[in-house]
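Colleague: No sequence on hand, only this structure:
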């Protein structure tokens, strides 16, 4: 069996048998190829070079089997021209090593685009922890997993700054914080700003308003919105939509308890109706519900040739990262159906914006946060969304393609003080034997 086809748990067993605690896969720009730290993982390096959809000359991938918990952990760095790679750490189940690596690669690239569009002096990075490896399920073991992840970040010397993401909580961030300073989204009691989900949900609302305005369909009042995923962001989004006069929200989630809790928090009344259903993981039926807007807020890759033909909403605008299974193909499929798609990296920026601001102190009412959510700054979510949609219409292009082009241009701008320092750190780690 090829390495990429192994389960993460089997891969960890293989690493243990070979005496490998950690390894790297880094892009060698001079040689034009991916360098692997160990012969064992050379096939993964060659796989990267063949993977033109997800691998985009990522500057470095650093993977380790945590020494005490045995959990598979990784940091993915895409492009660090604008500054340190920054993005959340995801705690998730993966069937294969290939899925684990692909998710990290796509998420890190998405963070490059998101940070650049938001005007942040951060590059693109992402953390991934494979849930069903080692010991990670009981509270004490889980805390150890995140402490060990903090040690991994410290060992990378600041090339990556982590934050909260799917499957990770503020309490987990506090555990990471015990072992590293390269972290945001730590609890307020420790001097941080806590979960950024409330700001992310507000940003998605602004994107929805821009899409409706672009189509001349008025505001959110009286509309029907479907939400796939009722977690950190999706649940809060439901409340904000109600405040904006949405008539009906239909939501699904794989956690029945989460559905019940949201149902209790948001009873019907005052012209608002909420319908929630517990579904199996991978059930995308909610995307086909008739609605004014569909909001993917769970995991990525849900918009594909299988699901796009079933959509019955004129607008797609949600918080999930990497909603398109194939960014170029599926963006075009949506446009061909006349569906307005606002890319996730354009509208779900507020979590990382909150994290970036946290480094400089936090305010109860932060004017920088409000600038991103307002109507006056040209780079706000609302105004930039309108600009992207207008250019897409004028040029006959899918909006995702327009947004990617703009983000790519910005992503190569060098930080005014520390331009591409991340790449220098990566080269130093390799030269000094990071992988042993």
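Modeller: Here it is on my side, so go on. What you are looking at is a predicted structure, and each value in this text was computed from that prediction instead of being measured. Numbering: from 1, shown residues only.

Colleague: how close does residue 414 sit to residue 121?
Modeller: 10 Å (CB to CB, to the nearest Å). Yep, even glycine has a C-beta here, placed from its N, CA and C like the rest.

Colleague: Overlap in contacts, these two.
Modeller: Residues touching both residue 414 and residue 121 (CB atoms under 8 Å, 6 or more residues apart in numbering) are residue 82.

Colleague: of these two, who's got more company?
Modeller: Legend: neighbour count by other CB atoms under 10 Å for residue 414 and residue 121, higher for residue 121 (19 against 14).

Colleague: which regions of the stretch 301-436 of the chain lie under the pLDDT threshold?
Modeller: Applying pLDDT under 70 to the stretch 301-436 of the chain flags no residue at all.

Colleague: how about the strands of it, start to end?
Modeller: Along the stretch 301-436 of the chain, the segments classed as strands by DSSP state E, counting those that start in this stretch run 315-316, 340-341.

Colleague: Tell me which of these approaches residue 136 most closely.
Modeller: The minimum distance between residue 136 and the strands of the stretch 301-436 of the chain falls on strand 315-316, with 33.5 Å, by CB to CB.

Colleague: For residue 430, see how far away residue 68 is.
Modeller: The spacing between residue 68 and residue 430, counted by CB to CB, is 25 Å.

Colleague: I meant to write residue 121 there.
Modeller: Taking CB to CB as the measure, residue 121 falls 25 Å from residue 430.

Colleague: Of residue 68 and residue 430, give the one with the bigger neighbour count.
Modeller: Legend: neighbour count by other CB under 10 Å for residue 68 and residue 430, higher for residue 430 (16 against 13).

Colleague: Please determine how far the more buried one is located from residue 148.
Modeller: From residue 430 across to residue 148, the span is 22 Å (CB to CB).

Colleague: Same check on residue 212?
Modeller: Note on residue 212: its distance to residue 148, by CB to CB, is 45 Å.

Colleague: So what are the structural domains in this protein, by residue number?
Modeller: According to automatic domain parsing, the chain comprises the domains 3-195+424-431, 197-397.

Colleague: Of residue 212 and residue 148, give the one with the bigger neighbour count.
Modeller: Neighbour comparison, residue 212 and residue 148: the larger count goes to residue 148, with 23 against 20 (by other CB under 10 Å).

Colleague: Number of residues surrounding the closest residue to that one other than its chain neighbours?
Modeller: In this structure, residue 148 finds its nearest non-sequential neighbour in residue 66, 4.1 Å apart by CB to CB, 6 or more residues apart in numbering. Per other CB under 10 Å, the neighbour tally for residue 66 reads 25.

Colleague: thinking residue 66 is in contact with residue 134, fair?
Modeller: Yes. Counting by CB atoms under 8 Å, residue 66 touches residue 134, with 6.5 Å between them.

Colleague: where do the contact lists of those two overlap?
Modeller: Jointly contacting residue 66 and residue 134 under the rule CB under 8 Å, 6+ apart are 72, 145.

Colleague: Can I get the strands of the stretch 301-436 of the chain in TSV including distance to residue 322?
Modeller: Below are the strands of the stretch 301-436 of the chain laid out as TSV (distance: least, CB to CB, whole Å):
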stretch	distance to residue 322
strand 315-316	13
strand 340-341	13
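
Colleague: Which stretch among the ones you listed is buried most, on average?
Modeller: Comparing the strands of the stretch 301-436 of the chain by mean neighbour count (mean count of other CB atoms under 10 Å), strand 340-341 comes out on top with a mean of 26.

Colleague: number of nearby residues for the residue lying closest to residue 47 once chain neighbours are set aside?
Modeller: Using CB to CB, 6+ apart and skipping the chain neighbours, the partner closest in space to residue 47 is residue 4 (5.8 Å). Residue 4: 17 surrounding residues under other CB under 10 Å.

Colleague: Residue 4 contacts residue 98, doesn't it?
Modeller: Yes. With contact defined as CB under 8 Å, residue 4 reaches residue 98; the gap is 3.8 Å.

Colleague: in the host helix or strand of residue 257, what's buried?
Modeller: The secondary structure element spanning residue 257 is helix 256-265 (assigned by DSSP states H and E). For helix 256-265, burial by neighbour count (16 or more other CB atoms under 10 Å) applies to 258, 259, 262.

Colleague: Other residues contacting that helix?
Modeller: 230, 231, 235, 238, 239, 251, 252, 253, 274, 276, 277, 278.

Colleague: where's the closest residue in space to the fourth one that isn't next to it in sequence relative to residue 5, distance?
Modeller: Closest residue to residue 238 apart from its sequence neighbours, by CB to CB, 6+ apart: residue 249 at 5.2 Å. Distance of residue 249 to residue 5, given as CB to CB: 40 Å.

Colleague: So which of the two has more stuff around it?
Modeller: Per other CB under 10 Å, whichever of residue 249 and residue 5 has more neighbours is residue 249, with 26 against 12.

Colleague: Hmm, that one is touching residue 235, no?
Modeller: No. Counting by CB under 8 Å, residue 235 is not a contact partner of residue 249; they are 10.6 Å apart.

Colleague: so what's residue 213 up against?
Modeller: Residue 213 neighbours (CB under 8 Å, 6+ apart): residue 386.

Colleague: quick one: what helix or strand has it in it?
Modeller: Using DSSP H and E, residue 213 sits within helix 197-215.

Colleague: now that helix, how far from the chain's geometric center?
Modeller: Its chain's average C-alpha position is 17 Å from that of helix 197-215, according to CA atoms, centre = their mean, to the nearest Å.

Colleague: which of the residues in that helix are buried?
Modeller: So helix 197-215, judged by 16+ other CB under 10 Å, has buried residues 197-212, 214.

Colleague: ok, back up a step: pretty sure the residue nearest to residue 238 is in a strand, no?
Modeller: Yes. Counting by DSSP: H, G, I helix; E, B strand; the rest coil, residue 249 is found in a strand.

Colleague: Specify the beta-bridge partners of it.
Modeller: On the basis of DSSP bridges, residue 249 is bridged to residue 225, residue 274.

Colleague: How is residue 26 classified with respect to secondary structure?
Modeller: The three-state assignment at residue 26 reads strand, by three-state DSSP.

Colleague: burial measure for it, as a count.
Modeller: Counted with other CB under 10 Å, residues neighbouring residue 26 total 22.

Colleague: Please name the bridge partners of it.
Modeller: Assigned bridge partners for residue 26, using DSSP bridges, are residue 35, residue 60.
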